[in-house]
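Fold the following and give me the result.
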Amino acid sequence: NIYSSSSSSSSSSSSSSQASQKQRTKRPVQNHNALIKYGSLLLLVGQMVGLVLLMRYSRTHIDGELYLASTAVFMMEVMKFFLCLGVVFYQSGSSFPALGTELYNHVWASPHEMLKLCIPSFLYTVQNNLLYLALTNLDAATYQILYQLKILTTAVFSATMLGRRFSGTKWASLIVLTCGVAVVQLSGSSDSEGSDNDDQNRFVGLVAVLCAACTSGFSGVYFEKILKGSDVSLWIRNIQMGLPSIIIALITVFVEDSVEVSRKGFFVGYSPMVVSVITVQAVGGLIVAVVVKYADNVLKVFASSFSILLSCIISAFAFDFRPNLLFLVGAFLVILSTAMYSKPESKKRGLAQRGQPSPIPRGNIRKTSLVM
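As a prediction, this is how the structure comes out:
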């Protein structure tokens with residue numbers, strides 16, 4: 001008995017020490033994951049707010065010639081392509097032969113895949129040009145709110161192209177979103193740059209945002225449809241899209257601004273501010289990829305909502321933005337709709353009562369950019 005009690009006490013002490021050791025090893029891993037998750041979230045908020053404000057500032061505060069938006073889009077595509085190329089090079093063990101093999105297999109030897117990706121590449125190029133046009137004619141806060149219409153367009157294209165079904169709450173949130181955007185547009189709020197610049201047209205900015213939201217929704221859903229059932233990494237996909245995007249962006253430069261480029265040069269109006277805009281926009285894709293991997297839906301909604309509020313606050317100080325009551329009501333409706341849309345679906349009671357596992361909602365199979 002004495003032997004059994006001593007052995008049981010020793011085994012219990014050893015098991016408790018092993019459990020405590022496991023807890024100590026889990027804590028650094030959990031802390032590391034939390035650091036990556038919230039750090040990437042802060043970077044996403046900074047990118048969302050910083051890009052809009054920097055782009056608005058670069059299009060309204062002009063010292064000399066205004067830079068060409070088409071050349072900025074081209075340079076952004078080139079920078080993003082080489083960033084993704086660097087990631088693939090690192091994942092290939094920093095080996096140039098391995099990188100060459102990856103590029104040969106997924107680019108040169110995959111003409112069908114490259115052809116399919118020409119459609120989203122074209123749409124993304126058009127979308128980026130539209131964003132420059134929108135922020136030339138709209139203040140940063142109004143643009144940030146109106147551009148949330150991409151939630152609506154992505155939902156519509158997801159329902160039509162992917163056969164995805166949404167609950168009544170989600171459809172109600174889309175109606176609230178539409179009402180909020182309409183209220184913001186009717187508010188007529190603008191910053192001092194809009195009132196001082198006769199070249200700015202609020203209607204042109206609205207049309208540009210609507211077209212950008214449509215291209216964003218369609219290209220995002222189309223890209224998701226291509227990714228399903230494919231084992232190609234996201235970085236390889238970005239390289240596959242980057243090559244036609246660069247070609248399309250270069251063609252856009254010479255179709256839209258060939259006269260200006262021949263007269264004033266390709267880099268007319270470029271400054272450190274313009275280079276910052278291009279860099280932030282190019283790096284933004286990498287940040288979004290990290291957030292999609294580590295952050296959940298609630299945190300992404302928080303990032304979207306917080307970026308709207310932060311844009312309004314910074315615009316009030318930097319651009320003398322003075323929102324009226326209608327604008328505030330519309331902004332509240334847009335933020336509310338984002339939270340409603342991202343509310344998780346409830347499990348079906350019938351399946352739960354029969355003891356059957358509830359199916360995974362089709363909207364949760366793959367993380368998308370519905371609330372980004």
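
Okay, T125 and L103: tell me how far apart.
According to CB to CB, to the nearest Å, T125 stands 22 Å off from L103. Every C-beta, even on glycine, is put in place using the N, C-alpha and C of the backbone.

And these two? Which one has more around it.
Neighbour count, other CB atoms under 10 Å: between T125 and L103, T125 has more, with 26 against 19.

okay but the more buried one is in contact with L250, surely?
No. Checked against CB atoms under 8 Å, the pair T125 and L250 is beyond contact range at 9.8 Å.

Would you mind listing the buried residues in stretch 152-166?
Neighbour counts using 16 or more other CB atoms under 10 Å place 152-158, 162, 164, 166 of stretch 152-166 among the buried residues.

Poorly predicted segments of the stretch 101-250 of the chain, please.
Confidence mapping of the stretch 101-250 of the chain against pLDDT under 70 gives the ranges 188-200, 229.

Tell me which stretches of it form helices.
111-116, 118-137, 140-146, 149-161, 168-187, 192-196, 202-227, 234-264 (DSSP state H, counting those that start in this stretch).

which residues make contact with the first one from outside it?
Spelled out, it's helix 111-116. Helix 111-116 is contacted by residues 106-107, 226, 232, 240, 243-244 when judged by CB atoms under 8 Å, 6 or more residues apart in numbering.

any idea which of those residues is the one closest to A331?
For those, the residue nearest A331 by CB to CB is I226; the value is 34.6 Å.

ok, the nearest residue to the closest one once chain neighbours are set aside - how many residues close by?
Nearest residue to I226, sequence neighbours excluded (CB to CB, 6 or more residues apart in numbering): K116, at 6.1 Å. If you count neighbours by other CB under 10 Å, K116 ends up with 16.

What is the burial count for the residue lying closest to S110 once chain neighbours are set aside?
Excluding the flanking residues, the one nearest S110 by CB to CB, 6+ apart is Q240, at 7.6 Å. Neighbours of Q240 under the rule other CB under 10 Å: 23.

Next up, the contacts around the residue nearest to L66 when sequence neighbours are not counted.
Distance criterion CB to CB, 6+ apart; nearest residue to L66, sequence neighbours excluded, is G269 at 5.2 Å. Applying CB under 8 Å, 6+ apart, we find G269 in contact with 62, 64-68.

same deal with Q144?
Shown in contact with Q144 (CB under 8 Å, 6+ apart): 48-49, 52, 307-308, 311-312.

ranking the residues you listed by neighbours, who comes first?
Greatest neighbour count in the contacts of Q144, by other CB under 10 Å, goes to V52: 27 neighbours.

which SSE is it in?
helix 2-60 (DSSP states H and E).

After that helix, which helix or strand is next?
helix 69-91.

what does that following helix rub up against?
Under CB under 8 Å, 6+ apart, the answer for helix 69-91 is 95-96, 99, 102, 125, 128-129, 132-133, 136, 233, 235-236, 238-239, 242-243, 245-246, 249-250, 252-253, 256-257, 261, 266-267, 274, 277-279, 281-283, 285-286.

of those residues, buried ones?
Counted by 16+ other CB under 10 Å, the contacts of helix 69-91 give 99, 102, 125, 128-129, 132-133, 136, 235-236, 238-239, 242-243, 245-246, 249-250, 252-253, 257, 261, 274, 277-279, 281-283, 285-286 as buried.

and stretch 41-51, average pLDDT?
If you average the pLDDT over stretch 41-51, you get 81.

oh sorry, the question was meant for stretch 282-300
Averaged over stretch 282-300, pLDDT sits at 67.

Can you get me a residue count around the residue nearest to N128 when sequence neighbours are not counted?
In space, and not counting its chain neighbours, N128 is closest to V73: 4.6 Å by CB to CB, 6+ apart. Number of residues near V73 (other CB under 10 Å) recorded here: 26.

what do you get for A98?
Neighbour number of A98 under other CB under 10 Å is 14.

element containing it?
Using DSSP H and E, the element containing A98 is helix 96-103.

counting contacts, what elements does that helix pack onto?
In terms of contacts (3 or more CB pairs under 8 Å, 6 or more residues apart in numbering; DSSP states H and E), helix 96-103 is packed against helix 69-91.

Quick one: mean pLDDT over the helix it packs on.
On average, helix 69-91 scores 92.

likewise stretch 256-268?
Mean per-residue pLDDT for stretch 256-268: 92.

so the residue nearest to S110 touches H106, yeah?
Yes. Between Q240 and H106 there is a contact under CB under 8 Å: 6.4 Å.

intersection of neighbour lists for the two?
Listed as contacting both Q240 and H106 by CB under 8 Å, 6+ apart are 113, 232.

Pick the most buried one from the helices of the stretch 101-250 of the chain.
helix 140-146 (a mean of 27; mean count of other CB atoms under 10 Å).

now Y67, nearest residue through space, not along the chain?
Computed as CB to CB, 6+ apart, the closest residue to Y67 that is not its neighbour in sequence is G269, at 3.3 Å.

So that neighbour: helix, strand or coil?
On the three-state scheme (DSSP: H, G, I helix; E, B strand; the rest coil), G269 is labelled coil.

and S216, what is it in contact with?
127, 150, 153-154, 369.

please redo it, this time with the cut-off set to 7 Å
Contact analysis of S216 by CB atoms under 7 Å, 6 or more residues apart in numbering lists 127, 150, 153.

Now name the helix or strand holding the residue nearest to L186 when sequence neighbours are not counted.
Leaving out its chain neighbours, the residue that sits closest to L186 by CB to CB, 6+ apart is L326, at 6.3 Å. Take DSSP H and E as the rule and L326 turns out to sit in helix 325-341.

Report the buried residues of that helix.
Judged by neighbour count using 16+ other CB under 10 Å, the buried positions of helix 325-341 are 327, 329-331, 333-335, 337-341.
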